[in-house]
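Peer 1: Return a 3D structure for these sequence lines:
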Amino acid sequence: MARKFLYFVAIVIFLVIAGAIALNLWSKEATELAFVPRSEFTAQPALDSNAYADPAMWYARPGMGAADPVRFVPQGAPTPAAADAAKFAVFFVHPTSYIRPAIGADAPWNAPIGDSDAETRARLFLRGMASPFAAADEVWAPKYRQAVIGAFLTDKAEANQALDLAYRDVAQAFDFFVATVPKDEPIVLAGHSQGALMVLRLLREKVIGTPLAQRIAMVYPVGWPVSVEHDLPALGLPACATPDQAGCIATWSSFAEPADPALLFERFTATPGFDGQPRGDGAIVCTNPLTGTQGGTAPAEANLGTLKPASDFSTGELIVGAVAARCDPDTGLLLIGDPPDLGPGVLPGNNYHVYDIPLFWANLKADVARRLAAWKPAT
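Peer 2: Here you go, the predicted structure:
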């Protein structure tokens, strides 16, 4: 029997109780005390040069069969046949799954590989977030020493060091992925939250200005804000403007209404963009997942299926026509009105960050297929 799906939601209960309630009820200082490590950053050696040749270093990769979390199929979705797999490869980086409070003076800045709780959560996140990409003949999702939640709540130098360590692992995994997948296949880069940040850095440091850029069919850095003015110009690809456009960036950050994005924007606006300038309060990229366009509004009837957990969390089902989507022209947030109850993962300010992809599961699946059908290699 499939492992309890959206235990994905159950694990987020901890995040909500330990994180969201804290963010709602505690002071900013108390929240940082709970989640930001007080230890100095400890440099860690690089992984062995052939580390990612070990299948155990991947949550998802070809050859895993039914154990591959990306191959999850919710109730109401057609079960794909192996012969239907499209010829493209996906590199997906999962979001933060190591969510322990920073208890003790030796609380780490990075998750260790092999932490059983974090790895269970990562597999469940992949079931809900990477499964829309399962039409690809190859989907790869690496393990990495991700930065802890507290790294996103502070401006300490250790936070950037933790993110650099996480990226070093991801970059090494990406190099193995590129060397392994068929050389003539297009590539899709995708991730959520911390994983999306890693994907954007890969794009900047491993793709732009290299021959590999000609193979990047799509980039989906969902759940990480991308400043229109200070991030997008440095990424080498445009934001997706039309639904059948390939070779572009599609991303969104979901909020129910009334939306209060103060916690989201507090640090984002104060940090430098990819161009080195402060991001300020300008708009972020908003791809409407129901229309495939930059900006715009779509009614709930356009939603082909929201992934909702069963009451016992044993599986999930697609609910058609339940969630609308409207890109706010001022902030770039994706506003979803008053959505149905999806579980306890809603963060302060009506932030549906955890559900960015499940809200639009079937539309994202269709979006990937449509854009890959339109992709043509650069000549």
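Peer 1: For the rest of this, base every contact and every neighbour count on C-alpha atoms.
Peer 2: Noted.
Peer 1: Which residues belonging to the lengthiest helix in the chain are considered buried?
Peer 2: The longest helix of the chain (DSSP state H) is helix 157-180. Residues 158-163, 165-174, 176-177 are the ones in helix 157-180 that count as buried (16 or more other CA atoms under 10 Å).
Peer 1: Identify all contacting residues around that helix.
Peer 2: Outside helix 157-180, the residues that touch it by CA atoms under 8 Å, 6 or more residues apart in numbering are 40-41, 44, 46-47, 52-53, 91, 93, 109-110, 140, 142-148, 150-152, 198, 201-202, 206.
Peer 1: same question, stretch 123-135
Peer 2: 5-8, 59, 69-73, 80, 84-86, 90, 92, 94-95, 139, 191-192, 307, 357-358, 361-362, 364-365, 368-369.
Peer 1: okay, how far is it across that stretch, tip to tip?
Peer 2: Start-to-end span of stretch 123-135 (CA to CA, to the nearest Å) is 18 Å.
Peer 1: Tell me where the chain has helices.
Peer 2: Using DSSP H, the helices of the chain run over 7-15, 21-25, 28-35, 116-129, 157-180, 194-202, 262-268, 361-374.
Peer 1: Please list all residues in contact with the spatially most central residue of the chain.
Peer 2: The centre of the chain sits closest to residue 192, judged by CA atoms, centre = their mean, with a distance of 0.6 Å. Residue 192 sits next to 93-95, 129, 221-224 when contact means CA under 8 Å, 6+ apart.
Peer 1: How much space separates it from residue 59?
Peer 2: 15 Å.
Peer 1: same question, residue 180
Peer 2: Between residue 180 and residue 59 the computed distance is 16 Å (CA to CA).
Peer 1: Point out where the stretch 51-200 of the chain drops to low pLDDT.
Peer 2: Applying pLDDT under 70 to the stretch 51-200 of the chain flags residues 81-84.
Peer 1: Recalculate using a threshold of 80.
Peer 2: 79-85 (pLDDT under 80).
Peer 1: Show me where the stretch 201-350 of the chain has its strands.
Peer 2: Remark: strands assigned in the stretch 201-350 of the chain by DSSP state E, counting those that start in this stretch are 216-222, 248-249, 254-255, 287-288, 293-294, 297-298, 306-309, 316-319, 325-327, 334-335.
Peer 1: among the ones you listed, which is nearest residue 341?
Peer 2: Each of the strands of the stretch 201-350 of the chain was scored for nearness to residue 341 using CA to CA, and the closest is strand 306-309 (8.7 Å).
Peer 1: Parallel or antiparallel, which strands does the closest one pair with?
Peer 2: In the sheet, strand 306-309 lines up against strand 316-319 (antiparallel) (DSSP bridges).
Peer 1: mean confidence score for the strand it pairs with?
Peer 2: Across strand 316-319, the average pLDDT comes to 92.
Peer 1: If the residue nearest to the centre of the chain is in a bridge, with which residues?
Peer 2: According to DSSP bridges, beta-bridge pairing links residue 192 with residue 222.
Peer 1: quick revisit: just the helices of the chain: most buried one?
Peer 2: helix 194-202 (a mean of 24; mean count of other CA atoms under 10 Å).
Peer 1: Now do that helix against strand 216-222, angle only.
Peer 2: On the basis of axes from the mean of the first three to the mean of the last three CA atoms, to 10 degrees, helix 194-202 is oriented at 140 degrees to strand 216-222.
Peer 1: So what angle separates the directions of helix 194-202 and helix 157-180?
Peer 2: Counting by the same axes, to 10 degrees, helix 194-202 lies at 70 degrees to helix 157-180.
Peer 1: CA atoms only: put helix 194-202 into PDB for me.
Peer 2: Written as PDB, here are the backbone C-alpha positions of helix 194-202 (Å, rounded to 0.1, in the frame of the first residue of the first chain):
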ATOM      1  CA  GLN A 194      14.600  26.000  -0.700                       C
ATOM      2  CA  GLY A 195      14.800  23.700  -3.700                       C
ATOM      3  CA  ALA A 196      13.600  26.500  -6.000                       C
ATOM      4  CA  LEU A 197      16.400  28.700  -4.700                       C
ATOM      5  CA  MET A 198      18.900  25.900  -5.500                       C
ATOM      6  CA  VAL A 199      17.500  25.600  -9.000                       C
ATOM      7  CA  LEU A 200      17.800  29.300  -9.600                       C
ATOM      8  CA  ARG A 201      21.400  29.200  -8.600                       C
ATOM      9  CA  LEU A 202      22.100  26.300 -10.900                       C
END
